[in-house]
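Asker: have a look at this fold, sequence not included:
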């Protein structure tokens with residue numbers, strides 16, 4: 001099923017149907033409809049194995065597996081298609097591409113272990129979307145722009161886990177911070193530069 005976030009009301013209706021509710025609007029870039037599309041996608045067996053391994057690695061010794069906070073993420077680029085799926089289990093790497101002038105045009109997130117994770121997007125030409133809360137129930141949620149515009153920035157927000165992240169930006173390279181934060185944007189806004197790759201750690 002696919003939904004278009006035409007307005008805050010329609011996005012709320014769509015995401016309530018998915019079993020979640022958009023987050024409150026953040027200070028900073030003003031939010032608009034921004035033509036963001038949302039889709040629930042089934043995990044492939046390969047994705048499921050990678051996620052199970054990440055959850056097992058993230059779970060503290062002797063604790064319940066379900067309690068481990070895990071965020072898995074994947075970027076789709078115009079030239080390469082779906083690139084590496086990564087999870088926040090301490091493994092190095094990034095999703096997307098570098099050195100190919102290849103913009104990200106879709107992203108997917110899967111959340112486990114009670115992690116409260118909210119995301120927001122800034123698309124070229126369309127601006128900043130409303131916020132979305134990704135349910136921590138193992139469903140893969142994909143996001144893209146209705147007009148096919150590339151992604152310029154992502155907001156990463158949680159109320160129960162700090163994160164740090166970085167994005168590879170067109171003609172700039174890696175931009176990010178070494179600071180752990182509950183709320184941050186990666187990429188660029190107002191520079192007309194698309195994102196090509198990113199990584200997230202918790």
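Answerer: Cool, the structure landed. Computed from a predicted model, the values in this text were never measured in an experiment.
Asker: what pairs with whatever helix or strand residue 141 lives in, parallel or antiparallel?
Answerer: In this assignment (DSSP states H and E), residue 141 forms part of strand 140-145. For strand 140-145, the paired strands and their directions (DSSP bridges) are strand 36-41 (antiparallel), strand 104-112 (antiparallel).
Asker: ranking those strands by burial, who's on top?
Answerer: Ranked by average neighbour count under the criterion mean count of other CB atoms under 10 Å, the strands paired with strand 140-145 are headed by strand 104-112 at a mean of 23. Using the backbone N, CA and C atoms, a C-beta is placed for each residue, glycine as well.
Asker: ok, then the element right after that one?
Answerer: Going down the chain from strand 104-112, the next helix or strand is strand 117-123, by DSSP H and E.
Asker: show me how far the next helix or strand along the chain from that next one is from its chain's centre.
Answerer: Where DSSP H and E defines the elements, the next helix or strand beyond strand 117-123 is strand 127-128. Relative to the centre of its chain, strand 127-128 is centred 15 Å away, using CA atoms, centre = their mean, to the nearest Å.
Asker: beyond strand 127-128, next helix or strand please.
Answerer: Once strand 127-128 ends, the next helix or strand along the chain (criterion: DSSP H and E) is strand 132-134.
Asker: name the helices or strands packed onto that following strand?
Answerer: helix 8-17, strand 104-112, strand 117-123, strand 140-145 (3 or more CB pairs under 8 Å, 6 or more residues apart in numbering; DSSP states H and E).
Asker: so what are the sheet partners of it and their directions?
Answerer: Taking DSSP bridges as the criterion, strand 132-134 sits next to strand 117-123 (antiparallel) in its sheet.
Asker: who touches the strand holding residue 141?
Answerer: Applying CB atoms under 8 Å, 6 or more residues apart in numbering, the external contacts of strand 140-145 come out as 18, 34-43, 47, 76, 105-110, 119, 121, 123, 126, 132, 134-135, 151.
Asker: among the strands paired with strand 140-145, which is nearest residue 191?
Answerer: Nearest of these to residue 191, taken as CB to CB: strand 104-112 at 15.3 Å.
Asker: quick one: the helices in the chain, in order.
Answerer: Taking DSSP state H, the helices of the chain run over residues 8-17, 45-58.
Asker: lowest average pLDDT across those helices?
Answerer: Out of the helices of the chain, helix 8-17 stands lowest, with a mean of 34 (criterion: mean pLDDT).
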